[in-house]
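Peer 1: Have a look at this fold, sequence not included:
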């Protein structure tokens, strides 16, 4: 599944992530996926130029949730009022929710991938 998003469509990102987890994750783990995906998308909107692309797919026993943004304003360069908390809490939250987190940033933007192990057969 691939989805472009911006500030106006963040609720659609949450809904798409929830649909992707319906048949692959138990309830509590599905909530972790939706929370992580939303946080990554919100970060892309806030810090990565106002929009991004979500790609979610399942392979080899894992669900991959990748968010890419153009990074036009950079992580610390977004205009406007600062967050009322210390920077970095969102990625900390995502890292706690997922099994693996990779972040790649460069002149072309940022790509953050949260990986979630799929559960074995549910009994």
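Peer 2: Yep, that arrived. Because the structure is predicted, anything quoted here is derived from the model rather than measured. Numbers count the residues shown, from 1 in each chain.

Peer 1: The host helix or strand of residue 94 packs against which elements?
Peer 2: In this assignment (DSSP states H and E), residue 94 forms part of helix 89-97. On a contact count with 3 or more Cβ pairs under 8 Å, 6 or more residues apart in numbering; DSSP states H and E, helix 89-97 meets helix 27-47, strand 100-106, strand 109-117. The way it works is simple: take the backbone N, C-alpha and C, and place the C-beta from them, glycine included.

Peer 1: and of these, who's closest to residue 6?
Peer 2: helix 27-47 (6.3 Å; Cβ to Cβ).

Peer 1: List of residues touching that closest one?
Peer 2: 5-7, 10, 13-14, 17-18, 20-22, 25, 51-52, 54, 56, 63, 65, 67-69, 71, 73-76, 78, 83, 90-91, 93-94, 97-98, 110, 112, 114, 116, 119 (Cβ atoms under 8 Å, 6 or more residues apart in numbering).

Peer 1: Distance from the chain centre to that helix, please.
Peer 2: Centroid displacement of helix 27-47 relative to its chain, using Cα atoms, centre = their mean, to the nearest Å, is 5 Å.

Peer 1: do the same with stretch 7-20
Peer 2: Per Cα atoms, centre = their mean, the centroid offset for stretch 7-20 relative to its chain is 10 Å.

Peer 1: For the worst-scoring helix or strand of the chain on mean pLDDT, buried residues please.
Peer 2: Using mean pLDDT, DSSP states H and E, helix 89-97 stands out as the lowest-scoring helix or strand of the chain, at a mean of 90. Neighbour-count burial for helix 89-97 flags 90-91, 94, 97 (criterion: 16 or more other Cβ atoms under 10 Å).

Peer 1: Can you give the contact residues for that helix?
Peer 2: 32-33, 35-36, 39-40, 42-43, 101, 103, 112, 114.

Peer 1: what about 7 Å?
Peer 2: Residues outside helix 89-97 that contact it (Cβ atoms under 7 Å, 6 or more residues apart in numbering): 32, 35-36, 39-40, 43, 101, 114.

Peer 1: How about stretch 50-62?
Peer 2: By Cβ under 7 Å, 6+ apart, stretch 50-62 touches 1-7, 13, 16-17, 20, 24, 37, 41, 44-45, 63-69, 115-118.
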